[in-house]
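Asker: I would like the atomic coordinates for the input below:
(2 chains)
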Number of protein chains: 2
Amino acid sequence: MNFPSKLIEDAVVEISKLPGIGKKSALRLVLHLLKREETQTQLLADALIAMRTKTTYCRKCHNISDDELCQICSSPRRDQNIICVVEDTRDVLAIENTAQYRGLYHVLGGIISPLMGVGPTDLNIDSLLKRIEQVDENEKIQEIILALSPTMEGDTTAFYLQKKLKAFPVKISTIARGIPIGGDLEYTDEVTLGRSILSRIAYD
Amino acid sequence: MNFPSKLIEDAVVEISKLPGIGKKSALRLVLHLLKREETQTQLLADALIAMRTKTTYCRKCHNISDDELCQICSSPRRDQNIICVVEDTRDVLAIENTAQYRGLYHVLGGIISPLMGVGPTDLNIDSLLKRIEQVDENEKIQEIILALSPTMEGDTTAFYLQKKLKAFPVKISTIARGIPIGGDLEYTDEVTLGRSILSRIAYD
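Answerer: Have a look, this model is predicted:
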């Protein structure tokens, strides 16, 4: 593309570095910002910089946080005996949105993926083990829920964690895999359907 | 959504103000930037600010430009006798990419749309008429090509311009409408097909 302005081109190049945004979409965003007031671009740029430079990670659960201890870890209303292990912050948000879980989290910061060169030492696994070991005055972990994606990498990570956690007197569980609510049995893939039969739940 | 951080929330809110980006996509972009180096976010923010504050509009054709006169208007290699009238900068880029046009442009900055409250006075029409009137030492306009979208608004604008331009000794043309190259005759809508028959082109 021949851009009419070097400044436009620079902005398009930078925006199109973001995932899922190509040059055409980037140009559309740039032209949108040009039509809007200058303050909107200023607010956007400021918010990006503040987000990138001022957010930190919770020293306990490694979730993104504005303070040293995140809102969930510092809340007295959360169940201090249970930890849900997730891949990243998006999973925390997804689980929080269900309003079905009142315990704590532990964000691994990724999953074991030999293809991507991510090994167990790259993840926040040591700090998870320490959280279980050290009996805090508030925190006394009794259960660990592994809430990882049901993919090859997720399963590998879950398997690794399971082996590591065996040494501790904690209950280990994983989120249920099966047919999604509202899903059609007929159109469910055979692996999911097979697993949902194996992991069938007995009526009380 | 319950965001783990006010700063994240602010960034998501600002990003999701952009067209076509919802809160979920915005969060994905924010988490992407958090994983990348701080310099990437800095470069993005700087490029946005520079683009918004430093770009200007060419005083002659109203295209986006870094300088007072855009690259096209100031190029000695462009045909100074022909002006292509377009709605906005994106159309200039689209036509430039065809490499089929070597004349000048005139960017209206919109099209007449009574529903959106855009009238002829909101567009760069007066300056177009002045460009034709004033015989510049280089520029001596002989032809005006109206390259507007074949929509209700585009046709209205073209009709308005045609009436205004009649007063001047210039040739007025519009870009051809017909079946797109590679398009299937059978699946072309009847309006396009009807017009393509009416505007049939004689073999030489």
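Asker: Got the domain ranges for chain A?
Answerer: Structurally, chain A divides into domains by automatic domain parsing as follows: A:6-54, A:79-174.
Asker: Okay, now the unreliable bits of chain A?
Answerer: Applying pLDDT under 70 to chain A picks out residues A:1, A:135-139.
Asker: tell me the centre residue of it?
Answerer: A:Asp88 (2.2 Å; CA atoms, centre = their mean).
Asker: Tally up the residues packed near A:Val118, please.
Answerer: 17 (other CB atoms under 10 Å in any protein chain shown). To be clear about C-beta, it is placed using only N, CA and C from the backbone, and glycine gets the same treatment.
Asker: quick one, phi psi at the closest residue to it other than its chain neighbours?
Answerer: Distances taken as CB to CB, 6 or more residues apart in numbering or on different chains place A:Gly110 nearest to A:Val118, at 5.3 Å, with adjacent residues excluded. Dihedral angles of A:Gly110 (phi, psi; degrees, to the nearest 10) stand at phi 150, psi -180.
Asker: Please give me every residue in contact with A:Gly110.
Answerer: For A:Gly110, the contacting residues are A:87-88, A:118, A:122-123, by CB atoms under 8 Å, 6 or more residues apart in numbering or on different chains.
Asker: that older thread, surely the residue nearest to the centre of chain A and B:Val30 touch.
Answerer: No: applying CB atoms under 8 Å as the test, A:Asp88 and B:Val30 come out as separate, 11.9 Å apart.
Asker: and the nearest residue to A:Lys17 once chain neighbours are set aside, helix, strand or coil?
Answerer: Distance criterion CB to CB, 6+ apart; nearest residue to A:Lys17, sequence neighbours excluded, is B:Gln40 at 6.9 Å. Three-state assignment for B:Gln40 (DSSP: H, G, I helix; E, B strand; the rest coil): helix.
Asker: mind checking how far B:Gln40 is from A:Val85?
Answerer: 29 Å (CB to CB, to the nearest Å).
Asker: Helices of chain A, start to end?
Answerer: Using DSSP state H, the helices of chain A run over A:6-15, A:23-35, A:38-54, A:89-98, A:126-133, A:152-165, A:190-198.
Asker: And the contacts of the first one?
Answerer: Meaning helix A:6-15. By CB under 8 Å, 6+ apart, helix A:6-15 touches A:1, A:3, A:21, A:23, A:26-27, A:29-30, B:43-44, B:47-48, B:50-51, B:54-55, B:64, B:66.
Asker: Over to the shortest one?
Answerer: Outside helix A:126-133, the residues that touch it by CB under 8 Å, 6+ apart are A:60, A:62, A:83, A:85, A:106, A:108, A:139, A:141, A:144, A:161, A:164-165, A:168, A:170.
Asker: you'd agree A:His62 is up against A:Leu123?
Answerer: No: contact between A:His62 and A:Leu123 fails when scored by CB under 8 Å: they sit 9.4 Å apart.
Asker: shared neighbours, the two?
Answerer: Common neighbours of A:His62 and A:Leu123 (CB under 8 Å, 6+ apart) are A:108-109.
Asker: Excluding chain neighbours, give the residue nearest to the residue nearest to the centre of chain A in space.
Answerer: A:Val107 (6.1 Å).
Asker: what's the one you found in contact with, if anything?
Answerer: Residues in contact with A:Val107 (CB under 8 Å, 6+ apart) are A:57, A:61-63, A:86-89, A:91-92, A:124.
Asker: So what sits opposite it in the bridge?
Answerer: Here A:Val107 sits in beta bridges with A:Val86, as judged by DSSP bridges.
Asker: Please report how far it lies from A:Leu93.
Answerer: 11 Å.
Asker: One more: A:His106?
Answerer: For A:His106 relative to A:Leu93 (CB to CB), the value is 15 Å.
Asker: ok so, going back, and of the contacts of A:Val107, the nearest to chain B?
Answerer: A:Asn63 (5.3 Å; CB to the nearest CB).
Asker: From B:Ala50, how far out is that closest one?
Answerer: From A:Asn63 over to B:Ala50 (counting by CB to CB), the distance is 34 Å.
Asker: ok, those two, which is more surrounded?
Answerer: Each of A:Asn63 and B:Ala50 has its neighbours counted (other CB under 10 Å); A:Asn63 has more, 25 against 17.
Asker: Could you pull up the contacting residues of A:Arg28?
Answerer: Per CB under 8 Å, 6+ apart, neighbours of A:Arg28: B:19-20, B:90.
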